[in-house]
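Student: I would like the atomic coordinates for the input below:
(chains A, B, C and D)
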There are 2 protein chains.
Amino acid sequence: MALPPLDRHSVVPLYYQIQQRLLQQIRSGALKGGEPVPSEQEISAQLGVSRMTARQALKSLCDLGFTYSQRGKGTFVSGIKLEKDFRQVLSFTEEMKARGSKPRSKVLAFEVIPAADDVAEALHVRTQEKVISLQRIRIANALPMGVEHSYLPLQLCPGLFEAFDPQTSLYRALSELYGIRLIVADEVVEAGLAGAEEAKLLKVSKGSPVFLFTRTSYVQSGQPVEYVRSVYRADRYKIVNRLTRLHSELLAPVRLV
Amino acid sequence: MALPPLDRHSVVPLYYQIQQRLLQQIRSGALKGGEPVPSEQEISAQLGVSRMTARQALKSLCDLGFTYSQRGKGTFVSGIKLEKDFRQVLSFTEEMKARGSKPRSKVLAFEVIPAADDVAEALHVRTQEKVISLQRIRIANALPMGVEHSYLPLQLCPGLFEAFDPQTSLYRALSELYGIRLIVADEVVEAGLAGAEEAKLLKVSKGSPVFLFTRTSYVQSGQPVEYVRSVYRADRYKIVNRLTRLHSELLAPVRLV
DNA sequence: GAGTGGTCTAGACCACTTT
DNA sequence: AAGTGGTCTAGACCACTCG
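Tutor: Numbers count the residues shown, from 1 in each chain, chains lettered A, B, ... in the order given. Predicted structure coming up:
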């Protein structure tokens, strides 16, 4: 398992170069599920890095879920597929492109309004504080998928109301104009039946099954940036989740077993 | 921010002792969202550990989402709540207990059968290979919540059919009898309407909104262990998710910004 | 310039698994 | 006994932020 030499003058960290090489071998199928990846000692010796650096590369692969380690035995490629389209914190635009669909939006309303109680609570602002309100029909491949109603604190993105074209990706605008990157979101999903108004907008018959989403998205610091309530057609939209067992308390280094 | 001394003779790693102390301060509110946690140098000096050990403690807190680091500035407590009941890889029993409900099951069928095509594909076994089939009505606080149909490869848990009381927690049995720990699951969620048979079992009227789950659970190595199809009442069951932005490719050490 | 986190080294001892 | 990952040390240089 000879690895190509490292670029020691690159700004790219050594551990990251190593991680990428291993990742490529996993993705290409050269390393298959269940097979061992090179040990820390092997990497250290073959690439001429310290063992801690080799370890950091392997650790990062484990953290990403590509491999798993067993003390005394080695580090092995996980058989779990990772390149799938699980739901992440993605804008509708990103999500649809990832699924190979052509996203479009029809703007129903775009305005600055005072926050109602539920919006204020979700966004951690005072009631009546000004928020941007954006209602859009979400369309994929010319078919209506859902109706979204987003709220953002005006304070966090002053000028957005003037600068943003509501036909385009909100997430992109937040990133490019303000450096705001949403990295975590909490959502509640309910299943229900389309009401008269929703049915009309979504072009389904009243009483059709729909998903109801209530989502709040946060930046790294925990500051909420976007609160969204949406209704999606259940016949055109499925939820694909990857669930993990949380370490929570169990993050203790596992002795025994 | 004086920290109590470490137990250097404990089997518990130093970095973990440090992490737990900091975690306690975060949980207790002594360290609030946005506030800096002690720097690597401070921890190193005050507790008499090497900087790498202090760093490992802080890194683990970041990995768990309790803090975030900014180069040149420090490490700060994340304002994102973490103790919530997001969906994880949990058994119905665990999930309901976490929500404060009293779980119960009514077994509809428990048998060993040959795998149909979809089951075989999900569990990575050959078609017609023997699998354990378990159908249960899931009940919380004496109210029917959903109907589950689980399949497990008989090969992975020989004797389970004889040893397991299907009224109890399947996950607990897998863990205790075979050391099998499910740590990741992929699921597809759909929204639909209850059919005649489901309506009867769930005690709702036909056409009521329901969730349809299709889930496959895996152990660390990627070996699938359980394939479940289930129907849940949408009026009694909500989905609470935490979504994250996946590092995927972007796991590159962030320069610039 | 002082303080911070990010990377890296060259060792060390340990617990564990396998042969 | 040999090999593995897990922990730990005592340094080092760097890029970055802030006053």
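Student: now the helix or strand encompassing A:Thr216: how far from the chain's centre is it?
Tutor: Taking DSSP states H and E as the definition, A:Thr216 sits inside strand A:209-218. Counting by C-alpha atoms, centre = their mean, to the nearest Å, strand A:209-218 is centred 15 Å from the centre of its parent chain.
Student: that strand pairs with which strands?
Tutor: When pairing is defined by DSSP bridges, strand A:209-218 lines up against strand A:184-193 (antiparallel), strand A:224-233 (antiparallel).
Student: which residues in chain A form strands?
Tutor: Counting by DSSP state E, the segments of chain A that form strands are A:67-70, A:74-77, A:103-114, A:130-140, A:143-153, A:184-193, A:209-218, A:224-233, A:239-244.
Student: make JSON lines from the ones you listed and add mean pLDDT and mean neighbour count to it.
Tutor: In short, each C-beta sits where N, CA and C put it, glycine included. Shown next, in JSON lines, are the strands of chain A (pLDDT from 0 to 100; neighbours: other C-beta atoms under 10 Å in any protein chain shown):
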{"stretch": "strand A:67-70", "mean pLDDT": "95", "mean neighbour count": "18"}
{"stretch": "strand A:74-77", "mean pLDDT": "97", "mean neighbour count": "19"}
{"stretch": "strand A:103-114", "mean pLDDT": "94", "mean neighbour count": "14"}
{"stretch": "strand A:130-140", "mean pLDDT": "94", "mean neighbour count": "20"}
{"stretch": "strand A:143-153", "mean pLDDT": "95", "mean neighbour count": "21"}
{"stretch": "strand A:184-193", "mean pLDDT": "93", "mean neighbour count": "20"}
{"stretch": "strand A:209-218", "mean pLDDT": "95", "mean neighbour count": "21"}
{"stretch": "strand A:224-233", "mean pLDDT": "95", "mean neighbour count": "22"}
{"stretch": "strand A:239-244", "mean pLDDT": "88", "mean neighbour count": "17"}
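Student: ok, which of those comes nearest B:Val210?
Tutor: Evaluated over the strands of chain A, closeness to B:Val210 peaks at strand A:184-193, with 6.5 Å, by C-beta to C-beta.
Student: list the residues that contact A:Ala54.
Tutor: Shown in contact with A:Ala54 (C-beta atoms under 8 Å, 6 or more residues apart in numbering or on different chains): A:15, A:18, A:40-41, A:43-44, A:47.
Student: max pairwise distance over those residues: which two?
Tutor: For the contacts of A:Ala54, the maximum inter-member distance is 15.5 Å, found between A:Tyr15 and A:Gln41 (C-beta to C-beta).
Student: and the two? Which one has more around it.
Tutor: Neighbours per residue (other C-beta atoms under 10 Å in any protein chain shown) separate A:Tyr15 from A:Gln41, with A:Tyr15 holding more: 21 against 11.
Student: re earlier: for the strands paired with strand A:209-218, which one sits closest to DNA strand C?
Tutor: Of all the strands paired with strand A:209-218, strand A:184-193 sits nearest to DNA strand C, with 17.7 Å by C-beta to the nearest atom of the strand.
Student: could I have the CA atoms of the helix ranked longest in chain A written out in CSV?
Tutor: Counting residues, the longest helix in chain A under DSSP state H turns out to be helix A:14-28. In CSV, the C-alpha atoms belonging to helix A:14-28 read as follows (Å, rounded to 0.1, in the frame of the first residue of the first chain):
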residue,chain,number,x,y,z
LEU,A,14,0.4,17.0,6.3
TYR,A,15,-2.3,15.1,8.2
TYR,A,16,-4.9,16.5,5.8
GLN,A,17,-2.8,15.4,2.8
ILE,A,18,-2.6,11.9,4.3
GLN,A,19,-6.3,11.9,5.1
GLN,A,20,-7.2,12.8,1.5
ARG,A,21,-5.0,10.1,0.1
LEU,A,22,-6.6,7.5,2.2
LEU,A,23,-10.1,8.9,1.5
GLN,A,24,-9.4,8.6,-2.2
GLN,A,25,-8.4,5.0,-1.8
ILE,A,26,-11.6,4.3,0.1
ARG,A,27,-13.7,6.1,-2.5
SER,A,28,-12.0,4.4,-5.4
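Student: is there proximity between that helix and DNA strand C?
Tutor: Yes - counting by C-beta under 7 Å from any atom of the strand, contacts between helix A:14-28 and DNA strand C involve A:14-16.
Student: now do the residue of chain A most remote from its centre against chain B, distance only.
Tutor: Residue farthest from the centre of chain A, counting by C-alpha atoms, centre = their mean, is A:Ala45 at 37.0 Å. A:Ala45 sits 22 Å away from chain B, going by C-beta to the nearest C-beta, to the nearest Å.
Student: and that residue, how far is that from A:Ser39?
Tutor: Distance of A:Ala45 to A:Ser39, given as C-beta to C-beta, to the nearest Å: 9 Å.
Student: state the distance from A:Arg104 to A:Phe92.
Tutor: Distance, A:Arg104 to A:Phe92, by C-beta to C-beta: 10 Å.
Student: okay, how far is it across stretch A:199-217, tip to tip?
Tutor: Using C-alpha to C-alpha, to the nearest Å, the span of stretch A:199-217 from its first residue to its last is 27 Å.
Student: what does the model give the residue farthest from the centre of chain A for pLDDT?
Tutor: The score at A:Ala45 is 95. That number is its pLDDT.
Student: which non-adjacent residue is nearest A:Ser50?
Tutor: Leaving aside its sequence neighbours, A:Ser50 sits nearest to A:Ser44 (C-beta to C-beta, 6 or more residues apart in numbering or on different chains; 6.4 Å).
Student: would you confirm that that neighbour contacts A:Leu58?
Tutor: No - assessed by C-beta atoms under 8 Å, A:Ser44 is found out of contact with A:Leu58, at 10.6 Å.
Student: out of the two, which sits in the more crowded spot?
Tutor: Per other C-beta under 10 Å, whichever of A:Ser44 and A:Leu58 has more neighbours is A:Leu58, with 22 against 17.
Student: just the closest residue of the stretch 1-150 of chain A to chain B, please.
Tutor: Residue nearest to chain B within the stretch 1-150 of chain A: A:Gly79 (2.3 Å; C-beta to the nearest C-beta).
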